[in-house]
Each structure stands twice: as C-alpha cells, then as structure tokens.
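*Asks:* Got a predicted structure here, sequence first:
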Amino acid sequence: MSAAPRRRWRRWLVDALLVVAVVAGVGWWQTRNVPAGAAPDFETLFADGQPSSLAHWRAAQGERAVLLYFWASWCPLCRSVEGSVDALQADWPVLTVAMQSGDAAAVAAVMAERGLAWTAALDADGAIAARYGLRGVPAFVIVDAGGRIRFAEVGYTTAAGLRARLWWANTF
C-alpha cells in the first residue's frame, strides 16, 4: 500500500474517532444530572386515570430490572423509537412517562391513535423528569431489581442496546 492510501485511511480513522468522542461526550453531558443510586419514587396518575407510584408499579413487576421511558406526544424523535419500546415490553417491564403531553385523556387519545398499549405515567409539568435530571426526550432510565439507577440515556437508541442494558442490570 502506498503512502497516499495509508494517509487516507489514517485520516478516516481519526475522523471516525472524533465523531465517536463527540457522540459519547454529548451523551454524557445530557445525562450528567441523573442521580446515582436509588431511583427517585414518584406518585402520579397513569393514562388510565388511576393514581399510582413507581414503587407500587415496580413491586408488581417482581424482582426484575425495569425500563423507564420518558417521551412526549409532540416529540418527533420519540415516534421513531416507539417500535423499539413496543418490542421491548414483550420481554421486559416498561413504564413510560408521558412528559408535558397533557392530561390522562389527551395521553390516552395519543396512545390509541398510535396503537400503543403502554403503561403510561403522566408528567404534565416535567417534575418527574426533573427529579431524574432529564431535560429532553426521548430518555431511557434502567432501574435494577434493587431499585438503583444503572443506565440512563437521552436521545435515540435501539431495542438491542436497551435489551443488553436491561440484561446487564438484571444479571449483575
């Protein structure tokens, strides 16, 4: 291989590493305020109009890691991960938190329109998301069986990535 193709490959590798570093840095920055340790409990209405809490919902799931998915009806990126969340809830407990998306009737209407059969907690004013240090949606928080936050991510992610993190939180 001559010097020109080697330089081109080296330049491509440097550019790729720079992109990875920027993406990792942005991910860290977006989750920097997520509390370590115990997941903050919250009490709220669910989209079916019933009051409940995270502790009550988690107790009904048994001793498993759970996913908290923060989303909003007005968020276009949230729509792109709906399929991943749907697929994930077949195997793992998923509690979605509808942030700043209206009252129970409005959230239920959005979910019915989109064909979503999620358990959804209401966060009308963003207070629940704020307790988790989240400032944007979509956001994903994985809580292990002991109630500790193990992973948090803001922005697009894949079902495979979420499954791997849930498995890790459930196993280790």
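*Replies:* Arrived safely, thanks for sending.
*Asks:* so residue 110 touches residue 72, yeah?
*Replies:* No - assessed by C-beta atoms under 8 Å, residue 110 is found out of contact with residue 72, at 9.6 Å. For glycine as for every other residue, the C-beta is placed from the backbone atoms N, C-alpha and C.
*Asks:* tell me, what's touching those two both at once?
*Replies:* Common contact partners of residue 110 and residue 72 (C-beta atoms under 8 Å, 6 or more residues apart in numbering): 98, 101.
*Asks:* the more surrounded of those two?
*Replies:* Legend: neighbour count by other C-beta atoms under 10 Å for residue 110 and residue 72, higher for residue 72 (22 against 19).
*Asks:* was I right about that one contacting residue 98?
*Replies:* Yes - checked against C-beta under 8 Å, the pair residue 72 and residue 98 is within contact range at 6.9 Å.
*Asks:* check which helix or strand covers the residue nearest the centre of the chain.
*Replies:* Centroid check for the chain by C-alpha atoms, centre = their mean gives residue 140 as the closest residue, at 1.3 Å. With elements taken from DSSP states H and E, the one containing residue 140 is strand 139-143.
*Asks:* Now do the buried residues in whichever helix or strand comes after that strand.
*Replies:* Proceeding N to C from strand 139-143, the next assigned helix or strand is strand 148-154, under DSSP H and E. For strand 148-154, a neighbour-count test (16 or more other C-beta atoms under 10 Å) marks 149, 150, 151, 152, 153, 154 as buried.
*Asks:* re the thing from before, which residues sit in contact with the residue nearest to the centre of the chain?
*Replies:* Contacts for residue 140 were tallied using C-beta under 8 Å, 6+ apart; they are 67, 68, 69, 70, 151, 152, 153, 154, 157, 162.
*Asks:* let's see 6 Å
*Replies:* Residue 140 sits next to 69, 153 when contact means C-beta atoms under 6 Å, 6 or more residues apart in numbering.
*Asks:* And for residue 134?
*Replies:* With contact taken as C-beta under 6 Å, 6+ apart, residue 134 is in contact with residue 70.
*Asks:* Let me see the domain layout of this structure.
*Replies:* Domain assignment for the chain by automatic domain parsing gives 1-30, 34-171.
*Asks:* tell me the most buried of the ones you listed?
*Replies:* Across the domains of the chain, averaging neighbours per residue (mean count of other C-beta atoms under 10 Å) puts domain 34-171 on top, at a mean of 17.
*Asks:* what about it, how long is it end to end?
*Replies:* 22 Å (C-alpha to C-alpha, to the nearest Å).
*Asks:* Begin at 380, not 1, for the rest of this chat.
*Replies:* Yes, from this point I'll number from 380; that puts the last item at domain 413-550.
*Asks:* For the chain, which segments count as helices?
*Replies:* In the chain, the helices defined using DSSP state H lie at 382-409, 433-439, 455-467, 483-493, 506-510, 538-550.
*Asks:* That'll do, ta.
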